[in-house]
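Participant: prediction below, plus the sequence it came from.
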Amino acid sequence: MIENRPGLNLLAHLTLMLGVAIVALPVWVAFVASTHTATDFMSGTIPLWPGPHLIENYSQMLGAGVSTSGTPPVGTMMLNSLIMALLIACGKIAISITSAFAIVYFRFPLRNMAFWCIFITMMLPVEVRIVPTFQVVADLGMLNSYAGLSIPLIASATATFLFRQVFLTIPDELTEAARIDGAGPMKFFRDILLPLSRTNIAALFVILFIYGWNQYLWPLLITTSSDYYTIVAGIKRMADAVDGLPQWHLVMATAMLAMLPPVAVVIGMQRLFVKGLVETEK
């Protein structure tokens, strides 16, 4: 039985409000900075209230970009990031779910060893193998391309492991019933496993989309043409302006715009995302 204690309720609400303030304050400061001019930051202080240049700053970033750093309009960079994030998220899910299906439902020699070979690649992120990966991508002529941005990041041992665990929870009686009804492996996969894995796919899609959207080092390394700049790498180039001081008001405007697609994905798929994380049985 839960007791009603006003003091504890007040403490809980104050703690939540403090947490929200800590998380929201940097976002508010970035938004305020995006509404001022570059001269407002010369004194080293940041205003705490919005300025009158919101439409001007955002219009400049959406329409022209920043010429001093060679940064294209934000729309182009956001489109590149969107394509890369979708390719990475969908590719990881497609490869991982089929790999887990093969490992769980097919009997072949060294099956467990194959799984552990996949699983051990978690210890080799792209930052560790970035030099040989770059060499392979360059030799294949995939620099400055969407394939070069996404294919080296498209495999996921974590997603394979999660789908394997989901498939292991599905009763054997369901598999036997499908076999008696004459369902082949792909029909069983399409009509039974995919619907049962819908919430897990949605939860992984949100996580992997944000992972792909926030990629920084790999896009920065393999893109030399502004036509393929991603939004995160573009923010870094804007902050490292060579010909003058960084235009922080435009950097912050770009950062605010870069937040919108991940936030939209999280909000749009929130119900399935939460259900996929907490669901433990089918």
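Facilitator: Everything's here; your move.

Participant: CA atoms only for stretch 178-197 - export them in PDB, please.
Facilitator: Once side chains and other backbone atoms are set aside, the C-alpha atoms of stretch 178-197 remain, and they are given as PDB (Å, rounded to 0.1, in the frame of the first residue of the first chain):
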ATOM      1  CA  ALA A 178       3.600 -22.800 -38.200                       C
ATOM      2  CA  ARG A 179       5.500 -25.900 -39.600                       C
ATOM      3  CA  ILE A 180       2.300 -28.000 -39.300                       C
ATOM      4  CA  ASP A 181       0.400 -25.400 -41.200                       C
ATOM      5  CA  GLY A 182       2.900 -25.600 -44.000                       C
ATOM      6  CA  ALA A 183       4.600 -22.300 -43.400                       C
ATOM      7  CA  GLY A 184       8.200 -22.200 -44.800                       C
ATOM      8  CA  PRO A 185      11.000 -20.300 -43.100                       C
ATOM      9  CA  MET A 186      10.400 -17.000 -44.800                       C
ATOM     10  CA  LYS A 187       6.600 -17.100 -44.400                       C
ATOM     11  CA  PHE A 188       7.200 -17.800 -40.600                       C
ATOM     12  CA  PHE A 189       9.600 -14.900 -40.500                       C
ATOM     13  CA  ARG A 190       7.300 -12.500 -42.400                       C
ATOM     14  CA  ASP A 191       3.900 -13.500 -40.800                       C
ATOM     15  CA  ILE A 192       4.900 -14.300 -37.300                       C
ATOM     16  CA  LEU A 193       8.300 -13.100 -36.200                       C
ATOM     17  CA  LEU A 194       8.000  -9.600 -37.700                       C
ATOM     18  CA  PRO A 195       4.600  -8.700 -36.200                       C
ATOM     19  CA  LEU A 196       5.800 -10.000 -32.800                       C
ATOM     20  CA  SER A 197       9.000  -7.900 -33.100                       C
END
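
Participant: buried ones in stretch 247-267?
Facilitator: By neighbour count on 16 or more other C-beta atoms under 10 Å, the buried set for stretch 247-267 is 247-258, 261-262, 265. From N, CA and C alone the C-beta is placed, and that goes for glycine too.

Participant: got the contact list for it?
Facilitator: The contact list for stretch 247-267 (C-beta atoms under 8 Å, 6 or more residues apart in numbering) reads 27, 30-31, 33-38, 40-41, 53, 57-58, 60-62, 66, 68, 74, 78, 81-82, 85, 205-206, 209-210, 213-214, 231-232, 234-235, 238-239, 241, 273.

Participant: what residues of stretch 164-180 count as buried?
Facilitator: With the criterion 16+ other C-beta under 10 Å, stretch 164-180 contains buried residues Arg164, Val166, Phe167, Ile170, Thr175, Ala178.

Participant: state the distance from the last one to Ala64.
Facilitator: As for Ala178, its distance to Ala64 is 58 Å (criterion: C-beta to C-beta, to the nearest Å).

Participant: ends of stretch 121-138, what's the gap?
Facilitator: The separation between the terminal residues of stretch 121-138, taken as C-alpha to C-alpha, to the nearest Å, is 22 Å.

Participant: list the buried ones in it?
Facilitator: For stretch 121-138, a neighbour-count test (16+ other C-beta under 10 Å) marks Thr133, Phe134, Val137 as buried.
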